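Just to be clear, the model below is a prediction. Sequence and coordinates:
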Amino acid sequence: MILEELSEKLQEIKVKNTFLYFITRVLKPVFKKSSKVMDKYIFKVYQIDVVDEIQKHLHELSQEQLSYLAAKKTELQEYDIITDDTQKLFTYQMTNNAMSFADVVNKQLKSQPPRITSLEEIILNEELWAYCVGFHIKGSEWIYTFRKILSGKVAIDEKEGNKKSVIQKAIRTVFGTKSQKLELIQGETVNLDKQIDCIFYDDIFYIAKKTQFEQIVGLEEEFKEQAKEVLAVLEKTKMIEGLEVLEKQIEDNPSIHRKLVRLSKIGNYSALNTNTISKMQEISRLHNEKLKVKNDKILIEDEKDLSIVVKLLCDYYKKGEVSGKSYGTFAGEKLD
């Protein structure tokens, strides 16, 4: 399996060939309305010099994580927006991809990213987005691992005007092994986790944590925009009352974005009419659900109603042709 292969390659890489990079995100100064959301940001890569101890630590942690994932991820599957199986390792091809993040792996990491000596150099004007550990095998062959950085994992001492005073939202401390006392941490700090969200090798992402991967490359925000487009189409059909419940869920609940993107691919919603609604009522009754209908229109009054409507439109209910058994899943590939 690919993870075992990468784990073996990593074991052969010398610690000195381990490099740490920070990735930042900044809004493009000019962004066309017609452009995709995942193309509205510029991602920048910076190399950070680290002491030998951290270099060794990153190398060992990455080996541990790859070995752990190789034992846990039992099956390879091409990335699918709706599937979320923790036992599977998802693959995502980045060759010739138009999204902004493609520039990170296709160009910036392959060149010599600029070095920085302070987080403050970048964090005041750019959003610290992820960090990457690069392992140089030979020539142009590299393994890269990525981890999303949460805002709470970063702290810098902010200077107010010309004053030297330090503004901190929290006191940063560490327990000193020599003093055996809780000590203040001065300066800039970033937590480097033991986890790996995804691995990039030979133009393919191998995804261990699907949600974090979607955040890193910008898919998550694109899903939200596509969900809004589905809402707009449903409004135009004038066959559903209570779509404000869906509108609120799009803003508050990212999990519904994937289902609506799935719906947009199936295309079962743009020609919604009374015949379709009657069929939906019939299917809902077969599965002990109640689709609310008023004046020949679907009625959504709460989140439960919304869940039923989304399931029906997404062909959630499926039947095995051999066994005749019924299944409930948003996943699946249409067969011609």
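Sure, I can see it.

what number of residues lie near residue 135?
When neighbours are counted by other Cβ atoms under 10 Å, residue 135 registers 24. Glycine gets a C-beta too; all of them are placed from N, C-alpha and C.

Just the pLDDT at it, thanks.
At residue 135, the model reports a pLDDT of 96.

Mind listing the strands the helix or strand hosting it pairs with, and their directions?
When secondary structure is defined by DSSP states H and E, residue 135 falls within strand 127-138. Strands that pair with strand 127-138, judged by DSSP bridges, come out as strand 18-27 (antiparallel), strand 141-148 (antiparallel).

what packs against the next helix or strand after the first one?
Meaning strand 18-27. Later in the chain than strand 18-27, the nearest helix or strand by DSSP H and E is strand 41-48. For strand 41-48, the elements it packs on are strand 18-27, strand 115-116, judged by 3 or more Cβ pairs under 8 Å, 6 or more residues apart in numbering; DSSP states H and E.

now those as CSV including distance to residue 326?
Converted to CSV, these look like this (distance: least, Cβ to Cβ, whole Å):
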stretch, distance to residue 326
strand 18-27, 44
strand 115-116, 57
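
and of these, who's closest to residue 102?
Ranking the helices and strands packed on strand 41-48 by proximity to residue 102 (Cβ to Cβ) places strand 18-27 first, at 12.8 Å.

which outside residues touch the closest one?
Strand 18-27 is contacted by residues 40-48, 50, 54-55, 58-59, 62, 104, 109, 113, 116, 119, 122-123, 125-136, 146, 149, 190, 192 when judged by Cβ atoms under 8 Å, 6 or more residues apart in numbering.

and the closest residue to residue 13 other than its chain neighbours, what is it in contact with?
Distance criterion Cβ to Cβ, 6 or more residues apart in numbering; nearest residue to residue 13, sequence neighbours excluded, is residue 135 at 4.8 Å. Contact analysis of residue 135 by Cβ under 8 Å, 6+ apart lists 9-10, 13, 17-19, 59, 62, 142-144.

likewise residue 235?
Contacts for residue 235 (Cβ under 8 Å, 6+ apart) come out as residue 243.

before we move on, what about residue 148?
Residues touching residue 148, when contacts are defined by Cβ under 8 Å, 6+ apart, comprise 129-130, 197, 212, 215-216.

Serialize those to a markdown table and add fields for neighbour count.
Shown next, in a markdown table, are these (neighbours: other Cβ atoms under 10 Å):
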| residue | neighbour count |
| --- | --- |
| 129 | 21 |
| 130 | 23 |
| 197 | 21 |
| 212 | 20 |
| 215 | 18 |
| 216 | 26 |
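
sorry, back to before: just name the most buried of the strands paired with strand 127-138.
When those are scored by mean count of other Cβ atoms under 10 Å, the highest mean neighbour count falls to strand 141-148 (a mean of 20).

Return the distance of that strand from the chain's centre.
Averaging C-alpha positions (Cα atoms, centre = their mean, to the nearest Å) puts strand 141-148 15 Å from its chain's average.

ditto for stretch 62-81
In terms of Cα atoms, centre = their mean, the centre of stretch 62-81 is set 16 Å apart from its chain centre.

Going by neighbour count, list what's buried in that stretch.
Buried residues in stretch 62-81, counting neighbours by 16 or more other Cβ atoms under 10 Å, are found at 62, 65-66, 68-70, 73, 80-81.

in this structure, what secondary structure element scores lowest on mean pLDDT?
Sorted by mean pLDDT, DSSP states H and E, the helices and strands of the chain end with strand 166-167, the least confident at a mean of 37.

Report pLDDT for residue 155.
According to the prediction, residue 155 has pLDDT 51.

For the residue nearest the centre of the chain, which non-adjacent residue is closest in space?
Taking Cα atoms, centre = their mean, the centroid of the chain lies closest to residue 214, which sits 2.0 Å from it. Distances taken as Cβ to Cβ, 6+ apart put residue 220 closest to residue 214, at 4.4 Å, once the chain neighbours are dropped.

and the one you found, what element?
With the criterion set as DSSP H and E, the secondary-structure element containing residue 220 is helix 219-237.
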